[in-house]
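Visitor: Quick one: sequence plus predicted model below, questions after.
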Amino acid sequence: MANYVGAIDQGTTSSRFIVFDRAGNIVSVAQKEHAQIYPKPGYVEHDPLEIWRNTQEVVDKALEKKGLTARDLAAIGITNQRETTLIWDKRTGAPLHNALVWQDTRVDPIVQDLAKEGGPDRLRSKTGLPLASYFSGLKLRWLLDNVPGARAKAEAGDVLFGNIDTWLVWNLTGGPAGGRHITDVTNASRTQLMNLHSLTWDEEILNLFEIPKACLPTILSSSEVYGDASGVLAGVPIAGILGDQQAALVGQTCFQPGEAKNTYGTGCFMLMNTGEKPYPSTCGLLTTVGYRFGTAKTVYALEGSIAIAGALVQWLRDNLGIIGSSTDIEPLARSVEDNGGVTIVPAFSGLFAPHWNADARGLIGGLTRFVTKGHIARAALEATAFQTREVLDAMAKDTGIAVKELRTDGGMVINELLMQFQADVLNVPVIRPQVIETTALGAAYAAGLATGFWTGTDELERNWAVDKRWKPSMEAARRDRLNAEWTKAVARSLDWAG
């Protein structure tokens, strides 16, 4: 009898395979990082073949650790870094170029050209998204325009496009030998090519972006049986696909309108469930698909996307050498009482929500001779909390809903200094669940719902439990002063490269 569900969690920096039991507890996990490729300033790429190799390797390792086989898995789900864009040859499976990562800004000139007519929000009513380099559609346009022969082959249906979910499913279900070319509604909603209302590829936008429909995957729900896997997972149904942030929304069981989660990873992403109708934003947020389970009604969400969170810690480690490993950031930040007057705005690739300013650039302000690397470390952590506050404020303005608590997940939530500071600047409780791998858990939940492993969302809600709760303790005057300093620093960073 199959007692477990597996989840492939293909993220920006690594690939993981996690096995969960019926209570949503982790049974086994394996992880492997992949290379970050920076050919030019603003260019960020991944090797799709390395990602596929690593995915197979972590599946093998996670099963081997606990002596499991494919027969022990009722289903597998997939969650993935969204917006990361690749094209490959349908006949050979060979990528035609490295994948363009969601952080990549090479299409900024195309964005600016398209915004000349109708402004940056010209497609919001259809897609819920502003024109930005962030999304997949214009990255696909760049690949078709710049890879020799790609456009003609795409028009003939011989070159396929996908985000990473599509690439993995195609390979898992046979690749050149009949692999399924599909995506789910959450990933499709991040291409800026799908109409949020009809959940289909929008012909008008395809024409505007010069995208041939023949290269696009079929859009399906987030929870249904798509096909059986091959290889070490042979015979296991692939039954769930969710973009990583939507997967975390499901893993946090935010199934009621007004419930919100924030994922602290490479970037930082807050999603609020807004129910069964798309909720337009006037405050710089994204309207996106939250999830769709089978034939049930689609649930939408508002999202605040922050480009740089954990990546700032990696920058301190890899570029400046201030810390030896990411876990060193908290003790170093605790070595000082406060930030020493330092504010860091990590606008390495512009600022995402709620500013959407592609020409913003990172800055470190407030430096004096008093400042030590401890103050820099503390300011780096605080930058994530301040960016989150901006997004939460925007959600309250858009919806009129004051979030009463914030559910958190992702790699940075083990940092208790950050979690306490987050509660302080938000002035609401911050909650860490017992299972913080909610992205993978959400993908597992989607797959398990489709195959009957779990009976419904009520059962999933019973699985969710609190690990730790942080309550705000900062005086209002200090909170206001710190927020004002952050706002001043952000203003200085805007349009720096313009």
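Guide: Yep, that arrived. Numbers count the residues shown, from 1 in each chain.

Visitor: what's the neighbour count on Thr263?
Guide: Counted by other CB atoms under 10 Å, the residues lying close to Thr263 total 29. From N, CA and C alone the C-beta is placed, and that goes for glycine too.

Visitor: what separates the closest residue to it other than its chain neighbours from Glu303, distance-wise?
Guide: Nearest non-adjacent residue to Thr263, counting by CB to CB, 6 or more residues apart in numbering: Gly410, 4.2 Å away. According to CB to CB, to the nearest Å, Gly410 and Glu303 sit 15 Å apart.

Visitor: what's the helix or strand for the residue with the largest distance to the centre of the chain?
Guide: Here the centre of the chain is the reference, and by CA atoms, centre = their mean the most remote residue is Arg369, at 38.1 Å. Under the criterion DSSP states H and E, no helix or strand holds Arg369.

Visitor: likewise Ile87?
Guide: Per DSSP H and E, Ile87 falls inside strand 86-89.

Visitor: and for that strand, what are the contacting residues?
Guide: For strand 86-89, contacts defined as CB atoms under 8 Å, 6 or more residues apart in numbering pick out 48, 94-100, 140, 143-144, 147, 150, 153-154, 158-164, 167, 215.

Visitor: Okay, and which of these map to helices?
Guide: Among the contacts of strand 86-89, DSSP state H puts 48, 140, 143-144, 150, 153-154, 164, 167 in helices.

Visitor: With distance to Ala379 as new columns, can these be given to me in TSV?
Guide: Output for those, formatted as TSV (distance: CB to CB, whole Å):
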residue	distance to Ala379
Pro48	36
Leu140	37
Leu143	37
Leu144	42
Ala150	43
Lys153	48
Ala154	45
Ile164	33
Trp167	38
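
Visitor: Check what pLDDT Ala311 gets.
Guide: Note on Ala311: pLDDT of 92.

Visitor: before we move on, the earlier item: quick check: mean pLDDT of the strand holding Ile87?
Guide: Mean pLDDT, strand 86-89: 97.

Visitor: same deal with stretch 315-328?
Guide: Computed over stretch 315-328, the mean pLDDT rounds to 94.

Visitor: Now that stretch: buried residues?
Guide: With burial defined by 16 or more other CB atoms under 10 Å, the residues of stretch 315-328 counted as buried are 315-317, 322-323, 326.

Visitor: one step back: what separation do you get for the residue nearest to Thr263 and Trp486?
Guide: Taken as CB to CB, the span from Gly410 to Trp486 is 21 Å.

Visitor: got it, and Phe453?
Guide: Phe453 is 45 Å from Trp486, where distance means CB to CB.

Visitor: what residues are up against the residue nearest to Thr263?
Guide: Listed by CB under 8 Å, 6+ apart, the contact set of Gly410 reads 248, 262-265, 268, 310, 436, 439.

Visitor: and those residues as CSV, adding secondary structure?
Guide: Listed next are those as CSV, based on DSSP: H, G, I helix; E, B strand; the rest coil:
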residue, secondary structure
Ala248, helix
Asn262, strand
Thr263, strand
Tyr264, strand
Gly265, coil
Cys268, strand
Gly310, helix
Ile436, coil
Thr439, helix
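
Visitor: nearest to Pro130, of those?
Guide: Pro130 lies nearest to Cys268 out of these, by CB to CB, at 18.2 Å.

Visitor: Give the buried residues for the helix or strand hosting Val27.
Guide: Element membership for Val27 (DSSP H and E) is strand 26-33. Neighbour counts over strand 26-33 (16+ other CB under 10 Å) mark 26-32 as buried.

Visitor: which helices and strands does the next helix or strand after it pack with?
Guide: Per DSSP H and E, the first helix or strand lying C-terminal to strand 26-33 is strand 45-46. Applying 3 or more CB pairs under 8 Å, 6 or more residues apart in numbering; DSSP states H and E, we find strand 45-46 packed against strand 99-100.

Visitor: what does the strand it packs on contact?
Guide: Applying CB under 8 Å, 6+ apart, the set of residues contacting strand 99-100 is 44-48, 51, 84-86, 106, 139, 142-143, 164, 167.
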